[in-house]
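> model the following, please.
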Amino acid sequence: MESSKNRSKSQIPWNKGKVIGQKPALKLKEIWGIRIRLQIENNIRELALFNMAIDSKLRGCDLVTLRVNDVMHGGNIVKRTIVTQKKTKKPVHFEITEQTRDSLVDLINEKNLTYYDFLFQSRFSKSEHLSTRQYALIVKKWVASIGLDPMEYGTHMMRRTKVALIYQKTKNLRVVQLLLGHSKLESTVRYLGVEVDDALEVSEKMEV
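Next comes the predicted model:
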């Protein structure tokens, strides 16, 4: 017969104390909080990584394997580019804003990178580029630096941040779908959790 002690252990929910569901996206003030800290620290590599993560909306595995020739043509950083996603094998377009272009130029010049070099090189000799695990640790350091709980944030937060802001402003799911490279609109809805957010927004405005 199972003891009461064993029964109590088996009844503890598997997710007790764990954060489940979509990780929250960064708010605009939080984006600038991290960006300004990196600028003050003169952390050229991480500033370029942060800016590129926000603009590109790429998964971590695609972000860390970007090469100089993915973002530079004819000696200049391009305003728009296209890369093939590792997971889906489908191309995705994204913009590179002026502040991101400036940070990439600083990185390329500081590291003296050539066209075929990885943008975000690892500091460990065993790897040519930053690993997804290293990137995840950097993201947690970023959010902790502005007083957020690193357990509540992950690398997908970086992918979701700009599209979440775009959706809040436009309510245009098709735009977000194209930016994320989703083949189905339903995937975009689930990814953003917009049905729940929109329902709560309507409910908050209703006085009863």
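> what ranges do the strands span in this protein?
72-73, 76-77, 80-84, 91-95 (DSSP state E).
> buried ones in the single longest helix found in the chain?
Scanning the chain for the helix with the most residues, using DSSP state H, yields helix 155-170. Judged by neighbour count using 16 or more other Cβ atoms under 10 Å, the buried positions of helix 155-170 are 155-167. The way it works is simple: take the backbone N, C-alpha and C, and place the C-beta from them, glycine included.
> tell me where the model's unsure across this structure.
Applying pLDDT under 70 to the chain flags residues 1-23, 125, 191, 193-208.
> what residue, apart from its backbone neighbours, is nearest the residue nearest the centre of the chain spatially?
The structure's the chain has its C-alpha centroid closest to M158; by Cα atoms, centre = their mean the separation is 1.7 Å. Excluding its sequence neighbours, the residue lying closest to M158 (Cβ to Cβ, 6 or more residues apart in numbering) is A53, at 4.1 Å.
> same thing with R37?
Nearest residue to R37 in three dimensions, chain neighbours excluded: S145, at 5.4 Å (Cβ to Cβ, 6+ apart).
> these two touch, right, the one you found and I36?
No. In this structure S145 lies outside contact range of I36 using Cβ atoms under 8 Å: 10.3 Å.
> circling back: what number of residues are in the vicinity of the residue nearest to R37?
Burial of S145 is recorded as 14 neighbouring residues (other Cβ atoms under 10 Å).
> who are the neighbours in contact with A144?
Residues near A144 by Cβ atoms under 8 Å, 6 or more residues apart in numbering: P150.
> how far away is it from K89?
Counting by Cβ to Cβ, to the nearest Å, the gap between A144 and K89 amounts to 35 Å.
> with T170 instead?
Distance of T170 to K89, computed by Cβ to Cβ: 28 Å.
> hey, where'd the helices end up in the chain?
Counting by DSSP H, the helices of the chain are 4-10, 28-40, 44-56, 60-63, 68-71, 98-111, 132-145, 155-170, 173-180, 185-192, 194-205.
> follow-up on the earlier one: against Y135, how distant is the residue nearest to R37?
Applying Cβ to Cβ to S145 and Y135 gives a distance of 16 Å.
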